[in-house]
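[1] A structural model of the following input is requested.
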Amino acid sequence: MYSDQTRDSIHSVCRKHGLDEMDANRMEMAIRETCQNAIRYGIHPEKESYFNLELHINETAIKAIVISKGDAIDFDNIEPFDIHQDFSTYKDGGLGIPLIKTLVDDVYYERKANSTNKITLIKYIKSKGKKERSNK
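    Model prediction:
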């Protein structure tokens, strides 16, 4: 599961490698939500399942990759949310992917072989030439 220690470690790595406090919080929250979704929607006791988290850091960005085995996600058809929208349409969940798309600078979803999902989250380091947010 996603523990307080995991949260603190990710936040610390983000801060150490150039994200300001707010962006480190955003990246950690997006990673946490992605991992929780992978566990919630991908772990089936009767099926083979797993999830993996990787962090990749270079001088311009921090990239998190979450790979999980589970159901396909209609990722591209889910829009980031607008804080002014009517949230009453979200009765039981459904805010995770819109939230993730709002928190990071770029996000990509790929459906791989063997029912595997790959979600890549990217947060650009501002002081190193931040790219404009595309929310793709």
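
[2] mind checking which helix or strand of the protein has the lowest mean pLDDT?
    Of all the helices and strands that make up the chain, the one with the lowest confidence by mean pLDDT, DSSP states H and E is helix 96-103; it has a mean of 88.

[3] hang on, Ile100 packs against Cys35?
    No. Using C-beta atoms under 8 Å, Ile100 is not in contact with Cys35, being 10.7 Å away. Where you see a C-beta, it was placed from the backbone N, CA and C, and this is true even at glycine.

[4] which one of the two has more residues nearby?
    Ile100 (26 against 21; other C-beta atoms under 10 Å).

[5] Need the contact partners of the lengthiest helix in the chain.
    Taking DSSP state H as the assignment, the helix of the chain that covers the most residues is helix 21-42. For helix 21-42, contacts defined as C-beta atoms under 8 Å, 6 or more residues apart in numbering pick out 1-2, 7, 10-11, 14-15, 19, 49, 51, 53, 62, 64, 66, 68-71, 73, 96-97, 99-100, 103-104, 107, 117, 119, 121, 123, 126.

[6] secondary structure class for the residue of the chain most remote from its centre?
    Checked against the mean C-alpha position of the chain, the extreme residue using C-alpha atoms, centre = their mean is Glu46, at a distance of 25.9 Å. Assigned with DSSP: H, G, I helix; E, B strand; the rest coil, Glu46 falls in the coil class.
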